[in-house]
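Asker: Here is my input; please provide its structure:
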Amino acid sequence: MKRLTATTVLCLLLFSAAFVAGKGPSAVPEYPDSLRSVWLYTEGIKQNTIAGDSVRARELFLEAIRSDSTYAPAYYELAANGMYATPDEAVELARKAFRLDTTNKWYHQFYGQALIYAGRYDEALKVYRRLQTENPKDPDNYRILAALYEQKQSPVMALVTLDSAELRFGRIPLLSAMKRRLLVATNQIDKAVVEARAMVEAAPYEAQHHVVLGDLYAIAKKDSLARAEYDRALQIDSTNVQTLMALADFHAGRQDYRALLAVTRQLFQSDELPLETKIKRFGQFTSDTRFYREYYFQLNDLASTLAIRYPDDKRVVELYAGHLIASGELEQALALYKNHLADQPPVEDYFRAVIDIESYLQHPDSVDKYVTRALELFPAKIDFHISKGHVMSYAKQYDKAVRAYRESLRFADTDSLKGVIWGMIGDAWHQKAIAGTPEWDEGRAAQTAGGSYRKEMKECYKAYERSLGYWKDNPVVLNNYAYFLSLEERNLERALTMSSRVVALTDNNPTYLDTHGWVLFKLGRTDEAKKILQKAVALDGQKSPELMVHYGDILHLLGEQFMAEIYWRRALEKGYDAGQIEQRLKQPAVKKPEPKE
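Answerer: Have a look, this model is predicted:
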């Protein structure tokens, strides 16, 4: 067969296009066998690069191979375009392309790359050794070969390879950096320093070279030389982020935190350092409470710098407000959040923060104001409806509280949340019940409760039943339900079942232990109650006046009058009702029961 010229091949390709377009006598062109693979390969390239149809391109490349199993370009394209799912398949295709045309350097390099991608480093090492020999003028072959030696934990051979590259090409920054890293990894710090010095001498006005040399001096514990190099880098460019980061790391390594924070302030003033990185660094500094306290003024300066540079960024508002709260500056944090309530679009979290702080500061009118505004802007947000209920309860407007909680049920999307809200409704009814009983005495609830109390507590228990229907193991509701039943001295066995369940569900919570002990006390199981209350008082650290009163009452009935009076008086010191303590102190002592034989 005569050899085809390039012009002849081009004419044939154009001719084939005409036939495919329907301009010739047949939609499927006829070619000599030697050209069919060329045509299929060319069509595959068009489908892949122009039409973006990799599936059709793969079919055409495979057809080209079936037509001529020695057609290397088709093997190469199948491998190079990732048309096979596994790296090992790509390796086989790349190997076939290379073996069919060993003079093609692209096929040879891609074969090595496919082996690396497949994690077959031993085979890749052999390929790149050959590539280095066959094409010694390509520095990339030296780089990859050195990386493979490093991967195989042969740092000496990697260094030998890089030395060879340096002899042939001179100093190339990328290869020099690789060499320095290997020298450091093999603890050849002095040699790494020599390399870095050479880079500085070759380009003395490149700040990064001075930073690299400074880092190496720092590793070698030559701090004065390291500082001199960092200073030279800063003289070249005082705002260079890489230099400042290196200097910050140097100070951190020496635990010179004042210098570290001073450099960090320069970094925070730079637009080149991403805000996300600044926020992360601030979080690292403030994660240690002791560090926060010791370097408060420097950290306050950092937070202020961010607040000034990014006044409207939500992340910075939260960061600065959190810093103010941690510093005890609640009023300033509140003012900051309030300044952003008019932001567009409005931010839910700012309203939540204002409501939470105002609630903590016990400003019910202000809480009501901001809850109302929040509901106007975010009417479907359940937590704002719940906050409305809390505000009404605090204001002793219990009917309105119940309505607000019921409204929030419309937006509750889980049974557990519905259970929590019904528990809040029950609590509101209980608060209304005792608020309407002026003579209310917790110690004599069964005797002092009137008709209004009974009616409202019936609503309370109905709400608790609804709550437990949604979430049977709601510890708060189980505890409150059991406690209120024990105060009324009814359904005590059920109260014991509920309080026992709460104790089993939770881990030594003093409040829940108090309820459990009190139920046992009401059942006449006084010795058991004493042990439980004793544990609760110890865990609570004598903070709860109610708990100490209960413990005193039990000690009184056990005839331990002296200790009972101690706990009653401690409860009085903690704010318990003076009149009720006085009544207890007037009670005659109970004779201590005789020990059982």
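Asker: what about L377, distance to D413?
Answerer: 20 Å (Cβ to Cβ, to the nearest Å). The C-beta positions use only the backbone N, C-alpha and C, and glycine is treated the same way.
Asker: More neighbours: which of those two?
Answerer: Legend: neighbour count by other Cβ atoms under 10 Å for L377 and D413, higher for L377 (14 against 7).
Asker: and the more buried one, what is it in contact with?
Answerer: Going by Cβ atoms under 8 Å, 6 or more residues apart in numbering, L377 touches P346, F351.
Asker: switch to 10 Å and redo it
Answerer: L341, P345, P346, V347, E348, F351, F384 (Cβ atoms under 10 Å, 6 or more residues apart in numbering).
Asker: for R466, same thing?
Answerer: Counting by Cβ under 10 Å, 6+ apart, R466 makes contact with L409, K418, G419, I421, W422, G423, I425, G426, V477.
Asker: likewise F378?
Answerer: Contacts of F378 (Cβ under 10 Å, 6+ apart): P346, E348, F351, R352, F384, H385.
Asker: Check L324 too.
Answerer: Counting by Cβ under 10 Å, 6+ apart, L324 makes contact with N300, A303, A307, L330, E331, Q332, A333, L334, A335, L336, Y337.
Asker: I'd assumed R258 was in contact with A252.
Answerer: No: assessed by Cβ atoms under 10 Å, A252 is found out of contact with R258, at 11.7 Å.
Asker: Compare these two (neighbour count), which wins?
Answerer: A252 (15 against 10).
Asker: what's the helix or strand for that one?
Answerer: In the assignment (DSSP states H and E), A252 maps to helix 241-253.
Asker: which residue sits closest to R168, ignoring its sequence neighbours?
Answerer: In space, and not counting its chain neighbours, R168 is closest to P136: 6.8 Å by Cβ to Cβ, 6 or more residues apart in numbering.
Asker: quick one: pLDDT of that neighbour?
Answerer: With respect to pLDDT, P136 scores 86.
Asker: Give the full set of residues in contact with it.
Answerer: Residues near P136 by Cβ under 10 Å, 6+ apart: Y142, S164, A165, R168, F169.
Asker: So among those residues, where is pLDDT lowest?
Answerer: pLDDT across the contacts of P136 is at its lowest for A165, which sits at 76.
Asker: pLDDT added to the contacts of F378, as JSON lines?
Answerer: Formatted as JSON lines, the contacts of F378 follow (pLDDT from 0 to 100):
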{"residue": "P346", "pLDDT": "94"}
{"residue": "E348", "pLDDT": "94"}
{"residue": "F351", "pLDDT": "95"}
{"residue": "R352", "pLDDT": "94"}
{"residue": "F384", "pLDDT": "92"}
{"residue": "H385", "pLDDT": "92"}
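Asker: follow-up on the earlier one: from the contacts of L377, which is closest to G283?
Answerer: Among these, V347 lies closest to G283 (Cβ to Cβ), at 20.5 Å.
Asker: The closest one is in contact with Y337, isn't it?
Answerer: Yes: contact criterion Cβ under 10 Å: V347 and Y337 qualify, at 9.3 Å.
Asker: Among the two, which residue is more densely surrounded?
Answerer: More neighbours surround Y337 than the other of V347 and Y337, with 25 against 17 (other Cβ under 10 Å).
Asker: Am I right that the more buried one is in contact with E348?
Answerer: No: between Y337 and E348 there is no contact under Cβ under 10 Å: 11.8 Å.
Asker: What ranges does the stretch 101-250 of the chain have for its helices?
Answerer: Ranges of helices in the stretch 101-250 of the chain, per DSSP state H, counting those that start in this stretch, are 105-117, 121-134, 139-151, 155-169, 173-185, 189-202, 207-219, 223-236, 241-253.
Asker: can you state the direction angle for the fourth one and helix 173-185?
Answerer: Counting by axes from the mean of the first three to the mean of the last three Cα atoms, to 10 degrees, helix 155-169 lies at 150 degrees to helix 173-185.
Asker: Any buried residues in helix 155-169, and which?
Answerer: P155, M157, A158, L159, T161, L162, A165, E166 (16 or more other Cβ atoms under 10 Å).
Asker: do the same with the first one
Answerer: Buried positions in helix 105-117, judged by neighbour count with 16+ other Cβ under 10 Å: Y107, H108, Q109, F110, Y111, G112, Q113, A114, L115, I116.
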